[in-house]
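Sharing a model that was predicted from the sequence below.
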Amino acid sequence: MEDSPHIPPVPATDPAEQYLVLLNEHERALAAYVHALVPDRLDAEDILQSCKLTMWKQFAGFEPGTHFLAWARKIAFHQILNHRRGAKRKPLYSAEPAFLEAVAAEIDRVSDSLADRSEALHECLKRLPENQRRLVLLRYYEDHDIAAIARETDRTEAGVYKLLSRIRAALNDCVKSRLDSSAA
């Protein structure tokens, strides 16, 4: 599977550095993937540690410029299956490998969709006028309440609500348009 065009490959450097950069970039998504497939938190953490070690051992076989997270998920999936096979006790849940594969495929599909939406939103945010982008950053990234934004931008609270509503609608239209054009 090829990497999305919006994720540039990590420049060729020291393999350990390259691995750590890629792992750092995708670690949360990998952890979410494993925790979604393994209900026991401690088992999931053990599997993640084992997965990271296996990924490092196999990193020489990773092709720079390809989709690191897809590669990591494949390794994690096999680690999960190995863990289940090696468990001496019957698990509290009974998930057959086919079921786990179906869940893993759905997580991959949703994750790719969310990554596409995130990239589209990022591009749409860059196109906003500076004052509107600042409002979005204050509200959603810095978690300011409406009253604080109103004071900081010399607007009424009602004005902030209305402007944020228009900005959200414009961003939604922009994201839909970008996703529709990329699907075509």
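All right, it came through fine. Remember, it's a predicted structure, so these values are computed and weren't measured experimentally. Numbering: from 1, shown residues only.

pLDDT below threshold where in the chain?
1-13, 87-97, 99-100, 105-106, 109-114, 184 (pLDDT under 70).

in stretch 160-180, what's buried?
In terms of neighbour count (16 or more other Cβ atoms under 10 Å), stretch 160-180 has its buried residues at Val160, Leu163, Leu164, Ile167, Leu171, Cys174, Val175, Arg178, Leu179. Every C-beta, even on glycine, is put in place using the N, C-alpha and C of the backbone.

What is the distance between it and the centre of its chain?
From the chain centre to the centre of stretch 160-180 is a distance of 21 Å (Cα atoms, centre = their mean, to the nearest Å).

would you put the C-alpha positions of that stretch in PDB?
Output of stretch 160-180 as PDB, limited to C-alpha atoms (Å, rounded to 0.1, in the frame of the first residue of the first chain):
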ATOM      1  CA  VAL A 160     -18.600  35.000  18.000                       C
ATOM      2  CA  TYR A 161     -21.200  32.300  17.900                       C
ATOM      3  CA  LYS A 162     -22.500  33.400  14.500                       C
ATOM      4  CA  LEU A 163     -19.000  33.800  13.000                       C
ATOM      5  CA  LEU A 164     -17.900  30.400  14.300                       C
ATOM      6  CA  SER A 165     -21.100  28.800  12.900                       C
ATOM      7  CA  ARG A 166     -20.400  30.300   9.500                       C
ATOM      8  CA  ILE A 167     -16.700  29.200   9.600                       C
ATOM      9  CA  ARG A 168     -17.700  25.700  10.600                       C
ATOM     10  CA  ALA A 169     -20.200  25.600   7.700                       C
ATOM     11  CA  ALA A 170     -17.600  26.900   5.300                       C
ATOM     12  CA  LEU A 171     -15.000  24.400   6.500                       C
ATOM     13  CA  ASN A 172     -17.500  21.500   6.200                       C
ATOM     14  CA  ASP A 173     -18.300  22.500   2.600                       C
ATOM     15  CA  CYS A 174     -14.600  22.800   1.800                       C
ATOM     16  CA  VAL A 175     -13.700  19.400   3.400                       C
ATOM     17  CA  LYS A 176     -16.600  17.800   1.500                       C
ATOM     18  CA  SER A 177     -15.500  19.400  -1.800                       C
ATOM     19  CA  ARG A 178     -11.900  18.300  -1.300                       C
ATOM     20  CA  LEU A 179     -12.900  14.700  -0.400                       C
ATOM     21  CA  ASP A 180     -15.300  14.500  -3.400                       C
END
